[in-house]
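1. Please work out how this folds:
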Amino acid sequence: MTTTPQKSFCLFCRTGQEQAIADRINEEYTQLQAIAPTKVLPEKLKGQWRNRPKTLLPGYIFLYTDDEVPHDLRHKTNHTYRLLEYERGVRTLIGPDADYAMWLLRHQGQIQPSRILAIGEHVKVIDGPLMDFQGRIKKMDRHKRRIWVEFDFDSQKRTISIGAEYLSDPKQADPFQRQITSTIPQM
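-> Alright, predicted model coming up:
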């Protein structure tokens, strides 16, 4: 797809099969863009930090199109269960769900670590996917380089952990960046 699609959908699928199903949908249906979102988490292995991709939301695939989702999608693709559906049969994502889906699309479905300036209890996002994310930082773990973010999706509060690079020198930060939250529980 060359332009930003106007509609987004969420497909429930078998956990662990997200990427394979998204790849099959992208091959079979050229009018759709399927994303199995991942997060890149820093992990320490044998004293070395490495970035490792992991599934962001197990069991979910996001679909983007200017049209509707083909009716035969579930029947032609194994291990898919159903599309998220609101009242009255509305399947196009709306409100915060649509915002979240478009945020994932802006980042091509791969959420890289964000750069976080943490001074005392005050935190600012300096760079990365959290710059344009609508959510709340719930917890930080400097040792594991992780941050937990709470957001609304499918009418439920969800919390995910994502990678974060911590900065402690204000000179590394742009003073005009928006402050995400003022107090964060430390681990």
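2. ok, residues contacting stretch 28-35?
-> Residues outside stretch 28-35 that contact it (Cβ atoms under 8 Å, 6 or more residues apart in numbering) are 1, 5, 11, 21-23, 25-26, 61-67, 69-70, 73, 76-77, 104-105, 108-109. All C-beta spots, glycine's among them, are computed from the backbone N, C-alpha and C.
3. If any of these are buried, give me the ChimeraX selection for them.
-> Applying 16 or more other Cβ atoms under 10 Å to those, the buried members can be selected in ChimeraX as follows:
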select :5,11,21,22,25,61,62,63,64,65,69,73,77,104,105,109
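4. Output the longest strand seen in the chain as PDB, nothing but the C-alphas.
-> Secondary structure of the chain per DSSP state E: the longest strand is strand 156-167. Only the C-alpha atoms of strand 156-167 are listed here, as PDB (Å, rounded to 0.1, in the frame of the first residue of the first chain):
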ATOM      1  CA  GLN A 156     -10.000  -2.600  28.500                       C
ATOM      2  CA  LYS A 157      -6.900  -1.100  30.300                       C
ATOM      3  CA  ARG A 158      -3.800  -3.000  29.100                       C
ATOM      4  CA  THR A 159      -0.200  -2.700  30.300                       C
ATOM      5  CA  ILE A 160       2.700  -3.600  28.100                       C
ATOM      6  CA  SER A 161       6.500  -3.400  28.700                       C
ATOM      7  CA  ILE A 162       8.700  -1.900  26.100                       C
ATOM      8  CA  GLY A 163      12.400  -1.100  25.900                       C
ATOM      9  CA  ALA A 164      13.700   2.200  27.100                       C
ATOM     10  CA  GLU A 165      17.100   3.900  27.100                       C
ATOM     11  CA  TYR A 166      17.500   6.000  30.200                       C
ATOM     12  CA  LEU A 167      19.300   9.400  30.200                       C
END
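5. Mind giving me the packing neighbours of it?
-> The contact analysis (3 or more Cβ pairs under 8 Å, 6 or more residues apart in numbering; DSSP states H and E) places strand 156-167 against strand 38-45, strand 114-119, strand 136-141, strand 146-153.
6. Spell out the secondary structure type for the residue most central in space within the chain.
-> Nearest residue to the geometric centre of the chain (Cα atoms, centre = their mean): residue 104, 5.0 Å. Put simply, residue 104 is helix when judged by DSSP: H, G, I helix; E, B strand; the rest coil.
7. Residue 95 is nearest to which of the helices and strands packed on strand 156-167?
-> Proximity to residue 95 (Cβ to Cβ) singles out strand 146-153 among those, at 8.6 Å.
8. Give me the sheet partners of the closest one and which way each runs.
-> Using DSSP bridges, strand 146-153 pairs in its sheet with strand 136-141 (antiparallel), strand 156-167 (antiparallel).
9. Give me the distance from the first one to the chain's centre.
-> What it means is strand 136-141. Relative to its chain's centre, strand 136-141 lies at 16 Å (Cα atoms, centre = their mean, to the nearest Å).
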